[in-house]
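**Q** build me a structure from this.
(chains A and B)
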2 protein chains.
Amino acid sequence: MGDSTRLNDLTVGALIERLASSDPVPGGGSASALAAAMGAALVAMVAELTIGRPEAVEHEAAIRELRAAAQQRCAELLGLAEQDAAAYQAVVMARRLPKDSEAERQARATALRSAMVDAARVPLQAATAAAEVLDLAQRIALIGNRRAVSDAGVAAQLAAAGLRGALLNVRINLPHLAADEPLRDSAPAQIAALESLAAERERAAMAAVDARLVSP
Amino acid sequence: MGDSTRLNDLTVGALIERLASSDPVPGGGSASALAAAMGAALVAMVAELTIGRPEAVEHEAAIRELRAAAQQRCAELLGLAEQDAAAYQAVVMARRLPKDSEAERQARATALRSAMVDAARVPLQAATAAAEVLDLAQRIALIGNRRAVSDAGVAAQLAAAGLRGALLNVRINLPHLAADEPLRDSAPAQIAALESLAAERERAAMAAVDARLVSP
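**A** Coordinates of the predicted model:
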């Protein structure tokens, strides 16, 4: 990014402009985390629209827990969106280092590998958080205010997209890590597990939404 | 929404807060359109990161077209996010109309059905625009800068999520339309067609991304 304004403080219009610009930061990693954060926010909204309603009395405690969990994941994902932009900015800076001499090439490669660790680690955290949002969306779809069940479905869609988008960012950065970087060995299994989780939870969430989104 | 601030002018932090609040506006419809707009912005970014690169010379004209189309869809989806909030606000206002007498109940029902037409029509437009973004994401995934192919994949994910999220909003509002409202008859086939398109284009886009996102 040209300056260090936090994504959180940009207007929606300015965020979109920056995403669309030739500057690679913010990019898909931040956008994925923000999409999942919007999903978490919608889970919180559905909870708000359910708490206190007579038909939801039996689920009141569960709904309050879902709201708290959604708010926490929302804040976490907003933070990860910022961290992703910072991590990728460090990659961009490392790539711009000179590579005229052998010493410069080595220094550049070291800086790049080090920056890439964060650029892979942060979206992996974002994918993990998004998987939790997907779970929250499924749970609120089952017991939340039926009039807002489409919002629970949107939450699930945004969380699933954020999860898969974050994993793409892990996958593209992983090969640039040092051969002895532990994340390089551990990440593939985590990616595969999160991909399975995404498919399974998305299916479950959308089935819950469909079941309650019926014609009157 | 408590006031008439355009979503575009809210900070990201304020947008997320409003999504999470007990106020049903903005809700899943606007969030879906915004996610697809972020996807369109990322297609434009990948185009920017491709134009002028030696290996992309043969695709230069196509990439420029993709960029222009992405910018146009992005602006359209931002506008639809605003329209969705306005349309649903009108629904909320109609629901709050008094229903003590038969005349009041009739007036309220008429206002509600009329507001619901926009609340169904706007997300249907958003889903249609998101389907185009999904197509653009697939096309840029095939010929765009390979280093940004993950961004093309994120674009596809956000467009697919926005498309499906928008359709949920159409589906939940459709039963509230008057029986003789043409959209009520025409929408189901459009929904089914857009759902197929989403599945088909998402698969094609992710296959294109996977093919070019390989370990070096």
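
**Q** how about the longest helix along chain A, does it reach chain B?
**A** Scanning chain A for the longest helix, with DSSP state H as the assignment, gives helix A:102-143. No - using CB under 8 Å from any CB of the partner chain, helix A:102-143 stays clear of chain B, coming no nearer than 9.2 Å. (Each C-beta comes from the backbone N, C-alpha and C, glycine too.)

**Q** by contact count, what packs against the next helix-or-strand element following that helix?
**A** Scanning forward in sequence from helix A:102-143 by DSSP states H and E, the next helix or strand is helix A:149-173. Judged by 3 or more CB pairs under 8 Å, 6 or more residues apart in numbering or on different chains; DSSP states H and E, helix A:149-173 is in contact with helix A:28-48, helix A:60-95, helix A:102-143, helix A:182-212, helix B:28-48, helix B:149-173.

**Q** among those helices, which comes closest to A:Ile172?
**A** helix B:149-173 (4.1 Å; CB to CB).

**Q** mind listing what the nearest residue in space to A:Ala120 that is not next to it in sequence touches?
**A** Closest residue to A:Ala120 apart from its sequence neighbours, by CB to CB, 6 or more residues apart in numbering or on different chains: A:Asn173 at 4.2 Å. Taking CB atoms under 8 Å, 6 or more residues apart in numbering or on different chains, we find A:Asn173 in contact with A:91, A:116, A:119-120, A:123.

**Q** picking up where we left off before, which one of the helices and strands packed on helix A:149-173 lies closest to B:Ala207?
**A** Among the helices and strands packed on helix A:149-173, if distance is taken as CB to CB, the winner is helix B:149-173, at 10.3 Å.

**Q** angle of the closest one against helix A:182-212?
**A** 20 degrees (axes from the mean of the first three to the mean of the last three CA atoms, to 10 degrees).

**Q** spatially central residue in chain A, please.
**A** Centroid-nearest residue in chain A, with CA atoms, centre = their mean: A:Ala33, separated by 2.9 Å.

**Q** my guess is that one meets A:Ala166, correct?
**A** Yes - counting by CB atoms under 8 Å, A:Ala33 does reach A:Ala166; the two are 6.7 Å apart.

**Q** need the residues touching each of these two.
**A** By CB under 8 Å, 6+ apart, the residues touching both A:Ala33 and A:Ala166 are A:123, A:126, A:130.

**Q** report the separation between the residue nearest to the centre of chain A and chain B.
**A** 10 Å (CB to the nearest CB, to the nearest Å).

**Q** burial measure for the residue nearest to A:Ala131 when sequence neighbours are not counted, as a count.
**A** Nearest residue to A:Ala131, sequence neighbours excluded (CB to CB, 6+ apart): A:Leu197, at 5.1 Å. Counted with other CB atoms under 10 Å in any protein chain shown, the neighbours of A:Leu197 add up to 19.

**Q** thinking A:Leu197 is in contact with A:Glu132, fair?
**A** No - A:Leu197 is beyond contact range of A:Glu132, at 9.8 Å (criterion: CB under 8 Å).

**Q** for the residue in chain A sticking out farthest from the centre, give its distance to B:Ala40.
**A** Taking CA atoms, centre = their mean, the residue of chain A most remote from its mean C-alpha position is A:Ser101, at 39.2 Å. Separation of A:Ser101 from B:Ala40 (CB to CB, to the nearest Å) stands at 43 Å.

**Q** what's the burial count for A:Pro98?
**A** 10.

**Q** next, the contact list for it, please.
**A** A:104, A:108 are the contacts of A:Pro98 under CB under 8 Å, 6+ apart.

**Q** now A:Asp9
**A** A:Asp9 makes contacts with B:11-13, as judged by CB under 8 Å, 6+ apart.

**Q** let me know the pLDDT of it.
**A** At A:Asp9, the pLDDT value in this model is 95.

**Q** and A:Gly2, by the same measure?
**A** 49.

**Q** quick check on A:Pro26: phi, psi?
**A** A:Pro26 adopts backbone torsions of phi -70, psi 150, taken as degrees, to the nearest 10.

**Q** how close does it sit to B:Leu7?
**A** Relative to B:Leu7, and taking CB to CB, A:Pro26 is found at 18 Å.

**Q** tell me which of those two has more neighbours.
**A** Neighbour totals were compared for A:Pro26 and B:Leu7, and A:Pro26 leads with 28 against 23 (other CB under 10 Å).

**Q** for the more buried one, which non-adjacent residue is spatially closest?
**A** A:Ala85 (4.5 Å).

**Q** what's the neighbour count on the one you found?
**A** 23.

**Q** same deal with A:Ala179?
**A** 7.

**Q** check the one 4 residues further on too.
**A** If you count neighbours by other CB under 10 Å, A:Leu183 ends up with 18.

**Q** per-residue pLDDT, it?
**A** 96.

**Q** ok, now A:Val214?
**A** On the pLDDT scale, A:Val214 gets 74.

**Q** cool, and A:Leu124?
**A** pLDDT, A:Leu124: 98.

**Q** ok, now which ones touch the closest residue to it other than its chain neighbours?
**A** Distances taken as CB to CB, 6+ apart place A:Val170 nearest to A:Leu124, at 5.0 Å, with adjacent residues excluded. Contacts for A:Val170 (CB under 8 Å, 6+ apart) come out as A:120, A:123-124, A:127, A:187, A:191.

**Q** relative to A:Ala126, how far out is A:Val170?
**A** Taking CB to CB as the measure, A:Val170 and A:Ala126 are separated by 9 Å.

**Q** still on that earlier bit, ok, the closest residue to the residue nearest to the centre of chain A other than its chain neighbours - contacts?
**A** Ranked by CB to CB, 6+ apart and with sequence neighbours excluded, the top spatial neighbour of A:Ala33 is A:Ala81, at 3.8 Å. If you count contacts by CB under 8 Å, 6+ apart, A:Ala81 has them with A:7-8, A:26, A:29-31, A:33-34, A:37, A:126.
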